[in-house]
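In: when you get a sec, could you give me coordinates for this:
(chains A, B and C)
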Amino acid sequence: MSDQKNSDPIQMHPDEDSVFRIHTAAMREMEEPRDGISPTPVSYIITCFLYLLCGGFYMGYYGGTWKGDGLAERPIGGPAVVAPPQDPMKLGREIFNSCMQCHQESGLGVPGSYPPLAGSEYVLGDKRRLAAILMNGINGDFVVKGQTYNSKMPSWAMLEDEEIAAVATYVRNTWGNRADTMPIDLVKSVRKEVDGKGEWKSATLAEFAATAPPAAAVPPPGAPKK
Amino acid sequence: MAHNLPPQLGEALSRASMFFVFIFIWSFALFAGITMVWLLAWAVRRGEFQNLRDASRMIFDDGEPIGEVTDRFPESIKASGEGR
Amino acid sequence: MNVVNSPTEEIRARIEADSSARVVVTLYWASALFWLTFATLAGLISSIKLHSPDFLNYEWLTFGRIRPVHWDTAIYGFGGLAASGTLLWLQARLCQVKLPFRGPLIIGGILYNLGMVLGVIAVLAGYSTGVETLEFPVWAMTFLVLPFVVIVIANFTMYARKKTQHTYVSQWYLMAVTVWFPVLVLSAEACINFGAVDGVAQAIANWWYGHNVVGLFATPTGIAAAYYLIPKVIGKPIHSYHLSLVGFWTNAIFYNWAGTHHLTGGPLPAWTITVGVVGSMMMFIPVITIGINHHMTMLGSFHLLKTSPTLRFAVMGSMMYTVASFQGSLEALRTHQEVTHFTHYTIGHVHLGMYGFFAPLMFAMMYYAMPRLMRQEWSSARLIRIHFWCTLVGTALYGGAMCFAGVKQGLMMNDPAIPFLKVVEFTIPFLQLRTLAGLILLSGTMAFLINFGRMMARHKLTFADPTLFTSERNWDALLEEEQKV
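Out: Alright, predicted model coming up:
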């Protein structure tokens, strides 16, 4: 502020200040002593930086995997160093948000369009078959609780094994459903088994459920009605 | 259109087109970035960030100086005649 | 203050700039007003259809066709032409040069209008591309993009020839717009309608474009107008030139990221949406900066709102900029979207932005510039007042009704116990209120149209009457000077 450094283009404030001091008398005469160059307050700059920091934190926290296929906002699982086992019901509820569009929050589906999950034999029955449905999706006529549905369910194979197990456990234990949990290992083995089989039709799924039952499979309470 | 092609050819085509899209996007981004930095340097060299006081006053001139209100409802001019 | 005896260089340059821009800018603004009326009518029809579905039940006027026409004519027809006119006039004035390429610019304006007509007919006839904001077929869009080549060249030519030593903050915005808009359109068309990308990436490109065409085209032009008009009308320099530069650069950096917040909940990689949310939230920095700057500039001059029509619209616009931007930033948050996404809230927000912020600033620009271009005063102060109050009341009613209905609608839709039809029934009175708001806005537009039309019709009749601007008492001298040039 003290000396004039005309050579340095960055040091503009001293020049402007000195110009002001010289012209103070003239300035007083003007109707509006505003200079148009009120500098940016330091507190403002600090606030902006703190705010940017918050933005960076949010971006890191909800960035998911930062990959093209990372659909979850929060990284799930992560390095297996201390990863505490997640409550499958909680995780399943989170994943279920994606299922809600069709099967509805009530688990009742949309009559005539999307089958219910509450009380569904496919949900409560063979866990291996349930995992297979989640893995490859369904296309075509399907009978659930005596009603025929002609709709399409996409494949959810992009989810992690843990997530598929969790959402299966969740739908098996909500809306009055009561059944045992879906083991992650079973999902893992089913993923290998169904790879390349494509979307299920009613018949192909029944065939899959009937053949080659691994050790973990449980006999279904009611056979598929077709 | 691509659905009718043999799958391998279709895949190769889409890979090739993605390659060009990437080249385009990245070269454009690079071009835009370099231009931005160059413009900023140019503006600094030209003294655009010095003497902001004059810059903030460049919209006024002797005909419409600071302190002069330059807009009003049509009738209020007639009412007040020449006065401001 | 000081009576100027001989016109100085600056004054002469200003008058020259005005008279050189007369034909071009009037053409752009007159057609902008035509498209505004058209867009308002189309919006009104779409609005009525939502509560009375049998209204005008023709194939060409189905909701899926008339609503895109409403938005496209609003953003390209009104927005594009009003902004282009503003850009050319302001740049000529601020550079203190004559408007170059007047012939090509006029041809460009005609081509642009032709493109609009073709696009509207194509969409109404069912040849829409189905991509929001890019509904016009590519061949119609070509007519909209070509004139921009001339506008961009004219803009940079003026800047290269400028006689002033400094660059005013409005010029930063105007030059940025001319770079951003063509890049936006070309990239979006390449990605979507020429199929450079597929599937989800198309949706990202679409909303990147859809958000940016408002944020990097309409918004900067509006802010440029506010930065010029507010200080110019009240006769005080802007509060802080430092802050205005901070506002410009942060706006330039952050706005571009915000588009993906439209796709929250969609099957996108999580990070794209997170980036969109952060980009939107970071917009608080330029918004608050610009808000503070405009408010501090106005401080102590609010009494002028009574007497200046330009200032009324400009202040309304810049205040609504703060309001609508705050609303928009918060709207991007995931928790907020759980309620308001896919409800009328979003529609309310868009109109607060476009008709509360952008349109009033364009009106302010026209109210300020038209008398200077046409050399005559507006014929009726009452019509200006009607226009202002219709704009204010209509926008407030529209935004209020839609935002309130949207929040309630979202809460009801999130409650699985409420059947969907009940939610629809709940919104009907608000949809009717919206039609009322649309009618109010339309009457305001009509008032402006009458005033504008009268000015065009009486052009040159009151030419010699020097009642105009108290600041230019030596009007005759200036005119003589100009005729010599």
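In: which helix or strand in the chain has the lowest average pLDDT?
Out: All of this refers to chain A. Least confident element among the helices and strands of chain A, by mean pLDDT, DSSP states H and E: helix A:24-29 (a mean of 48).
In: could you identify the helix or strand that succeeds that one?
Out: Remark: after helix A:24-29, the chain's next helix or strand is helix A:42-61, criterion DSSP states H and E.
In: contacts for that next one next, please.
Out: A:Arg74, C:Trp271, C:Thr274, C:Val275, C:Val277, C:Val278, C:Met281, C:Met282, C:Phe284, C:Ile285 (CB atoms under 8 Å, 6 or more residues apart in numbering or on different chains). All C-beta atoms are positioned from the backbone trio N, CA, C, and that covers glycine.
In: next, the buried residues of the next helix-or-strand element following it.
Out: Sequence-wise, the next helix or strand downstream of helix A:42-61 (DSSP H and E) is helix A:88-96. For helix A:88-96, the neighbour count (16 or more other CB atoms under 10 Å in any protein chain shown) marks A:Pro88, A:Leu91, A:Gly92, A:Glu94, A:Ile95, A:Phe96 as buried.
In: ok, residues contacting helix A:88-96?
Out: If you take CB under 8 Å, 6+ apart as the criterion, helix A:88-96 is touched by A:72, A:76, A:159, A:162-163, A:165-171, A:173, A:181-182.
In: now do 10 Å
Out: Under the contact criterion CB atoms under 10 Å, 6 or more residues apart in numbering or on different chains, helix A:88-96 has outside partners A:71-74, A:76-77, A:85-87, A:99, A:103, A:105, A:107, A:117, A:134, A:156, A:159-160, A:162-174, A:181-182, A:184.
In: among those, which ones are in strands?
Out: Among the contacts of helix A:88-96, no residue falls in strands (DSSP state E).
In: buried members of those into PyMOL, please.
Out: Buried subset of these, written as a PyMOL selection, criterion 16+ other CB under 10 Å:
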select buried, chain A and resi 71+72+73+76+99+103+107+117+134+156+159+162+163+164+165+166+167+168+169+170+171+172+173+174+181+182+184
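In: of the contacts of helix A:88-96, which are in range of chain B?
Out: Restricting the contacts of helix A:88-96 to those touching chain B (CB under 10 Å from any CB of the partner chain) yields no residues.
In: number of nearby residues for C:Gly399?
Out: Using other CB atoms under 10 Å in any protein chain shown, C:Gly399 is surrounded by 25 other residues.
In: give me the pLDDT for whatever residue of chain B ends up closest to chain A.
Out: Residue nearest to chain A within chain B: B:Ser56 (3.1 Å; CB to the nearest CB). For B:Ser56, the pLDDT comes out at 84.
In: surely it touches C:Pro237?
Out: Yes - the pair formed by B:Ser56 and C:Pro237 meets the contact definition of CB atoms under 10 Å, at 4.3 Å.
In: settle it for me: which of the two has more neighbours?
Out: More crowded of B:Ser56 and C:Pro237, by other CB under 10 Å: B:Ser56, with 28 against 24.
In: thinking again about what came up before, would you mind giving the buried residues of helix A:88-96 as CSV with distance to C:Val323 and pLDDT added?
Out: Shown next, in CSV, are the buried residues of helix A:88-96 (distance: CB to CB, whole Å; pLDDT from 0 to 100):
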residue, distance to C:Val323, pLDDT
A:Pro88, 45, 81
A:Leu91, 40, 84
A:Gly92, 41, 85
A:Glu94, 35, 82
A:Ile95, 38, 84
A:Phe96, 37, 87
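In: tell me the one of those nearest chain B?
Out: Checking the buried residues of helix A:88-96 against chain B by CB to the nearest CB gives A:Ile95 as the nearest, at 30.4 Å.
In: what about chain B, any weak spots by pLDDT?
Out: Regions of chain B meeting the criterion pLDDT under 70 cover residues B:1-5, B:75-84.
In: give me the element A:Val143 is part of.
Out: With DSSP H and E as criterion, A:Val143 is part of strand A:138-144.
In: check which helices and strands that strand sits against.
Out: Contacts defined by 3 or more CB pairs under 10 Å, 6 or more residues apart in numbering or on different chains; DSSP states H and E place strand A:138-144 against helix A:121-124, strand A:147-153, helix A:202-210.
In: wait, which of those is closest to C:Glu59?
Out: Of all the helices and strands packed on strand A:138-144, the one in closest proximity to C:Glu59, counting by CB to CB, is strand A:147-153 (30.3 Å).
In: is whichever helix in chain B runs longest anywhere near chain A?
Out: Secondary structure of chain B per DSSP state H: the longest helix is helix B:7-45. Yes - Helix B:7-45 reaches chain A (CB under 10 Å from any CB) through B:Val44, B:Arg45.
In: run the chain-centre distance for that helix.
Out: Distance, stretch centre to chain centre, for helix B:7-45: 20 Å (CA atoms, centre = their mean, to the nearest Å).
In: next up, the contacts around the spatially closest residue to C:Ser240 that is not a sequence neighbour.
Out: Leaving aside its chain neighbours, C:Ser240 sits nearest to A:Ser38 (4.0 Å; criterion: CB to CB, 6 or more residues apart in numbering or on different chains). By CB under 10 Å, 6+ apart, the contact list for A:Ser38 reads B:Ser56, C:Ile238, C:His239, C:Ser240, C:Tyr241, C:His242, C:Leu243, C:Asn293, C:Met296.
In: what is the burial count for the fourth one?
Out: Read that as C:Ser240. C:Ser240 has 25 neighbours, counted by other CB under 10 Å.
In: was I right about it contacting A:Thr40?
Out: Yes - in this structure, C:Ser240 is within contact of A:Thr40 by CB under 10 Å, at 7.1 Å.
In: shared neighbours of these two, anything?
Out: What both C:Ser240 and A:Thr40 touch, as defined by CB under 10 Å, 6+ apart, is the set C:Val246, C:Thr289.
In: pLDDT weak spots in the chain?
Out: In the absence of a named chain, this looks at chain A. Within chain A, the segments meeting pLDDT under 70 span A:1-37, A:74-85, A:212-226.
In: my bad, the chain I had in mind was chain C
Out: By pLDDT under 70, the weakly predicted segments of chain C are C:1-7, C:459-485.
In: need the residue closest to the centroid of it.
Out: The structure's chain C has its C-alpha centroid closest to C:Phe358; by CA atoms, centre = their mean the separation is 3.7 Å.
In: could you do chain B as well?
Out: Using CA atoms, centre = their mean, the most central residue of chain B is B:Met36, at 11.1 Å.
In: pull the contacting residues for that residue.
Out: Counting by CB under 10 Å, 6+ apart, B:Met36 has contacts C:Val179, C:Ala252.
In: any part of the strand or helix carrying C:Ala17 near chain A?
Out: Assigned by DSSP H and E, C:Ala17 belongs to helix C:9-51. No - applying CB under 10 Å from any CB, one finds helix C:9-51 separated from chain A by no less than 17.5 Å.
In: residue contacts, the residue of the stretch 51-200 of chain C found nearest chain B?
Out: Residue nearest to chain B within the stretch 51-200 of chain C (CB to the nearest CB): C:His166, separated by 3.8 Å. Contact analysis of C:His166 by CB under 10 Å, 6+ apart lists B:46-48, B:50-58, C:94, C:241.
In: thank you kindly, that will do.
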